[in-house]
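*Asks:* Whatever this is, show me its structure:
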Amino acid sequence: MSLTTDPNDPKLKEGQRNETGQHEIYLVLSEEERAKGFVRPFRDAYVHVGKKLHYHSVDRIFEKPEKNEHNNKYYVAVLNVMGSEGKIIGGSYVTQDELDAWKNDRRVGGCGAVTTMGRALSETYARDPNFYGATFCVACNKHLPVAEFVWDGTNETVGS
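*Replies:* You can find the predicted model right below:
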């Protein structure tokens, strides 16, 4: 893995190609930009805790789980999705685990693995917390939205 400060580096468009799941190259802020100081504490490890479910209310609970033919999930309910104007705009089928997570205000889908980063990547997050939209999980072997991670030892979401 290598680093670049050039957002136009053609290698950045290649994406994930190797067996580790990581990209061949990652974009970081320049040393000069990172030297200006951090707006968040320097941290070099984060935990995959999963996604927080943002539903409004229960539309309906099924009498028995309905099997989805496409992904073999068993759905138990439909939860309402609220639009930006404060109106319900649709619904989403959820599994029992997702329904329980939503009811108990907990996250779902995280593997619990701790991933560590090199100094330049960590300093980039500390200088500009919104620089990245996704980050890598070493156990899942893929890049996922930063909202699925918290900084190790905290409840603070990565990228916030």
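
*Asks:* C-alpha only now, for contacts and for neighbours.
*Replies:* Fine.

*Asks:* right, and the helix or strand after the worst-scoring helix or strand of the chain on mean pLDDT?
*Replies:* The helix or strand of the chain with the poorest confidence is strand 57-67; it has a mean of 84 (mean pLDDT, DSSP states H and E). Next along the chain after strand 57-67, taking DSSP states H and E as the criterion, comes strand 74-82.

*Asks:* Could you list every helix and strand in contact with that following strand?
*Replies:* strand 57-67, strand 88-95, helix 96-103 (3 or more CA pairs under 8 Å, 6 or more residues apart in numbering; DSSP states H and E).

*Asks:* 6 Å instead?
*Replies:* strand 57-67, strand 88-95 (3 or more CA pairs under 6 Å, 6 or more residues apart in numbering; DSSP states H and E).

*Asks:* Please identify the most buried of those.
*Replies:* Mean neighbours per residue, mean count of other CA atoms under 10 Å, is largest over the helices and strands packed on strand 74-82 for strand 88-95, with a mean of 15.

*Asks:* and it, average pLDDT?
*Replies:* Throughout strand 88-95, pLDDT has a mean value of 92.

*Asks:* hang on, the earlier thing: could you redo the helices and strands packed on strand 74-82 as CSV and give each row distance to residue 138?
*Replies:* CSV is the format used below for the helices and strands packed on strand 74-82 (distance: least, CA to CA, whole Å):
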stretch, distance to residue 138
strand 57-67, 31
strand 88-95, 26
